[in-house]
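> no FASTA, just this:
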């Protein structure tokens, strides 16, 4: 188990401060955050390539901060791989094995086994600077695994790969994780987190703002920043009122000039935020009488294609709502910019999260 | 407007380059042609000339190899570490480039002549710098080492630090990283710097003539024959030396061309 406590590193105006982060053996943690949030710096501190100003990192009960890089039981794969260009693939993989008292035949055996595990056994004699992006990434993994790390750190490993290679690489790291390899993976792409992670930690300006299972983090984002990373666009801050005439099971959430009905949450808090999945909102050109208790009139201010259909931005009394509809719906409803439309969503589609105390 | 611009870059620029090449090649070609084959054969048959050329090439090579051992590690330190007075140290090593080489000879002489403490100590140990091969060695080194130093610093600085971080993450210590990563990746620049240092060392006249007129290096011999017997006597040895230098220079450039990285395993 890796435990990080009160880890602080200052560089210029930037401060990385990790109050607490724990990673269980065999888990796959995705550190999610935008560029400059301190993700890579945290990995480099764990790997021993940077020194913190204060704090502690324990691996299986041992304080590893006093150990040099390479003796911490942590291997790292960097964003651009950085394979040694003047060496063959085999020499790159062997680099971490040399100087450990292994014989040449033991090193060769280990190289072959690692190459097989990472599907690069056909590349061993090739020069490292003659590999494609996907090949180089697999060799980088084999090289990092050569030191038999307890924890494998992956810094934006999919960033430079095209879609088929991303799928192939994701399958490789998932397989390694299933075999028991603990992995910490840094990315700014939440789809990678959904596809791979058993745990997610969202970083913002040098701090972890939320951590938990992907389901917890993405279905209950603590703030607008996490919601944005989770792909939730309809995220509104405001206050809750429990006095809704005639229905004790309902509550009313006020944000800006809007009042949204929702199912009464199990909390006494008044301040907080609500989020509504774009796919839970329907759109029409005429008011509808349906079971959806929230219906608002608004104006289409933007429309753009996405992989799931067309995302339509509807402004309701100054508040933008993001709605995903099919391309056929756009044609059928004759949607265009400035069109007046109605949006509807059920009370059950509105999730309330109280502000942290 | 675009046509005029094209004329400048497509016609005028190559024309200027042609003039520049003519400026360099004309005296060299003139020298070789005027010396002729008979002049070259005559110079090659002269035992004194052969010894002088051999000495010049050998001492310049030895200087380069010995000072590479001092220069390359320090160049790595300057390229990779931040320490006080780093820029000042860099500038000090480059001083020989900007001072007259005769002044460099006088400066060296004032440290190693027999009147100085260092000179007396060297004398006591059986080593004399004045009018000796050791004097040629230090004179060549003094004026030529900035070429290797600058090339090595640039070479190390061009190696991305990330390669060293990767090696560090796999447990390599600083010396192993230097030996297996930084040095091979900077080797092209370093070899170019060594070729430059060697070339600059063997062509040195000003500092050598002051500290060690004898035994004669070829530049000193050319000067001696010119001042004592005139240009006709200086020309054959000059042409032969030029030809040999060009051959070695081309050969070394081929050896140090890109893609000749050392294997790390």
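In hand now; what should we look at? Note that the structure is predicted; figures quoted are calculated from it, not measured. Numbering: from 1, shown residues only, chains lettered A, B, ... in the order given.
> any idea which element residue B:74 lies in?
In this structure, residue B:74 is located in helix B:47-80 according to DSSP states H and E.
> could you say what helices and strands that helix packs with?
Contact analysis of helix B:47-80 by 3 or more CB pairs under 8 Å, 6 or more residues apart in numbering or on different chains; DSSP states H and E lists helix B:86-93, helix B:133-158, helix B:187-202, helix B:218-229, helix B:231-255 as its packing neighbours. (C-beta placed from N, C-alpha, C; glycine too.)
> Can you say which of those is nearest to chain A?
helix B:187-202 (8.2 Å; CB to the nearest CB).
> Could you list every helix and strand that the closest one packs against?
Looks like helix B:187-202 contacts helix B:47-80, helix B:133-158, helix B:231-255 (3+ CB pairs under 8 Å, 6+ apart).
> Which of the three states applies to residue A:25?
Following DSSP: H, G, I helix; E, B strand; the rest coil, residue A:25 is assigned to coil.
> and residue B:66, what is it in contact with?
Contact partners of residue B:66, counting by CB atoms under 8 Å, 6 or more residues apart in numbering or on different chains, are B:137, B:141.
> I'd like the helices and strands packed on helix B:187-202 as TSV, with distance to residue B:169 and mean pLDDT appended.
Output for those, formatted as TSV (distance: least, CB to CB, whole Å; pLDDT from 0 to 100):
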stretch	distance to residue B:169	mean pLDDT
helix B:47-80	17	96
helix B:133-158	20	96
helix B:231-255	33	89
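> thinking again about what came up before, report the buried residues of the helix holding residue B:74.
Within helix B:47-80, the residues that count as buried by 16 or more other CB atoms under 10 Å in any protein chain shown are B:49, B:52-53, B:55-57, B:59-64, B:67-68, B:71-72, B:75-76, B:78-80.
> Could you pick out the residues of the stretch 51-200 of chain A near chain B for me?
Contact residues (CB under 8 Å from any CB of the partner chain) of the stretch 51-200 of chain A with chain B: A:68-71, A:74-76, A:78, A:80, A:82, A:84-88, A:90-91, A:94-96, A:98-100, A:143-144, A:146-147.
> what does the model give whichever residue of the stretch 251-357 of chain A sits closest to chain B for pLDDT?
Nearest to chain B, among the residues of the stretch 251-357 of chain A, is residue A:307, at 33.6 Å (CB to the nearest CB). Per-residue confidence (pLDDT) for residue A:307: 79.
> got it, and residue A:233?
Looking at residue A:233, the pLDDT reads 87.
> And for residue A:99?
For residue A:99, the predicted pLDDT is 79.
> Phi and psi next, for the closest residue to chain B within chain A.
For chain A and chain B, the shortest gap (CB to the nearest CB) falls at residue A:70, measuring 2.5 Å. Per-residue torsions, residue A:70: phi 90, psi -20 (degrees, to the nearest 10).
> Ok, the one 10 residues further on next?
With angles defined as degrees, to the nearest 10, residue A:80 shows backbone torsions of phi -100, psi 20.
> Quick check: closest non-adjacent residue to it.
Distances taken as CB to CB, 6 or more residues apart in numbering or on different chains put residue A:160 closest to residue A:80, at 6.7 Å, once the chain neighbours are dropped.
> now the strands for the stretch 101-250 of chain A?
A:151-155, A:182-187, A:199-204, A:207-212, A:234-241, A:250-255 (DSSP state E, counting those that start in this stretch).
> could these go into JSON lines alongside mean neighbour count?
What follows is the strands of the stretch 101-250 of chain A, written out as JSON lines (neighbours: other CB atoms under 10 Å in any protein chain shown):
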{"stretch": "strand A:151-155", "mean neighbour count": "24"}
{"stretch": "strand A:182-187", "mean neighbour count": "24"}
{"stretch": "strand A:199-204", "mean neighbour count": "24"}
{"stretch": "strand A:207-212", "mean neighbour count": "19"}
{"stretch": "strand A:234-241", "mean neighbour count": "18"}
{"stretch": "strand A:250-255", "mean neighbour count": "18"}
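> Would you map out the domains in chain B?
The record's domain parsing of chain B by automatic domain parsing lists B:1-37, B:46-255.
> Return the most buried member of these.
Compared across these, domain B:46-255 shows the largest average neighbour count, a mean of 18 (mean count of other CB atoms under 10 Å in any protein chain shown).
> Straight-line length of that domain, end to end?
In domain B:46-255, first residue to last residue: 31 Å (CA to CA, to the nearest Å).
> returning to what we had before: what is the orientation angle of the helix holding residue B:74 with helix B:133-158?
30 degrees (axes from the mean of the first three to the mean of the last three CA atoms, to 10 degrees).
> nearest to residue B:130, of the strands of the stretch 101-250 of chain A?
strand A:151-155 (60.5 Å; CB to CB).
> neighbouring contacts of the closest one?
With contact meaning CB under 8 Å, 6+ apart, strand A:151-155 is reached by A:2, A:23, A:39-40, A:43, A:46-47, A:59, A:73-79, A:141, A:144-145, A:173, A:176, A:181-186.
> Can you list the strands that that strand pairs with?
strand A:74-77 (parallel), strand A:182-187 (parallel) (DSSP bridges).
> that older thread, adding distance to residue A:123, write the helices and strands packed on helix B:47-80 out as a markdown table.
Below are those laid out as a markdown table (distance: least, CB to CB, whole Å):
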| stretch | distance to residue A:123 |
| --- | --- |
| helix B:86-93 | 41 |
| helix B:133-158 | 27 |
| helix B:187-202 | 24 |
| helix B:218-229 | 52 |
| helix B:231-255 | 29 |
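> just so I know, which of these lies nearest residue A:198?
Smallest distance to residue A:198 across those (CB to CB): 41.4 Å, for helix B:133-158.
> Correct me if wrong: residue A:239 contacts residue A:274.
No. Assessed by CB atoms under 8 Å, residue A:239 is found out of contact with residue A:274, at 10.5 Å.
> list residues touching both of those two?
By the contact definition CB under 8 Å, 6+ apart, residue A:239 and residue A:274 are jointly contacted by residue A:253.
> how many other residues sit next to residue A:304?
The local packing of residue A:304 (other CB atoms under 10 Å in any protein chain shown) involves 8 other residues.
> Which residue, other than its chain neighbours, is closest to it?
residue A:311 (5.6 Å).
> Can you name the residues that contact the one you found?
Neighbours of residue A:311 in contact, by CB under 8 Å, 6+ apart: A:278, A:303-305, A:322-324.
> Then residue B:51?
Per CB under 8 Å, 6+ apart, neighbours of residue B:51: residue B:215.
> mind listing what the closest residue to residue A:150 other than its chain neighbours touches?
Distances taken as CB to CB, 6+ apart put residue A:73 closest to residue A:150, at 4.0 Å, once the chain neighbours are dropped. Going by CB under 8 Å, 6+ apart, residue A:73 touches A:59, A:64, A:149-151.
> how does it look with 7 Å?
Contact analysis of residue A:73 by CB atoms under 7 Å, 6 or more residues apart in numbering or on different chains lists A:59, A:149-151.
> which of the residues you listed sit farthest apart?
A:59 and A:149, at 10.1 Å, using CB to CB across the contacts of residue A:73.
> Which part of chain B gets nearest to chain A, residue-wise?
For chain B, CB to the nearest CB, closest residue to chain A: residue B:171, 2.5 Å.
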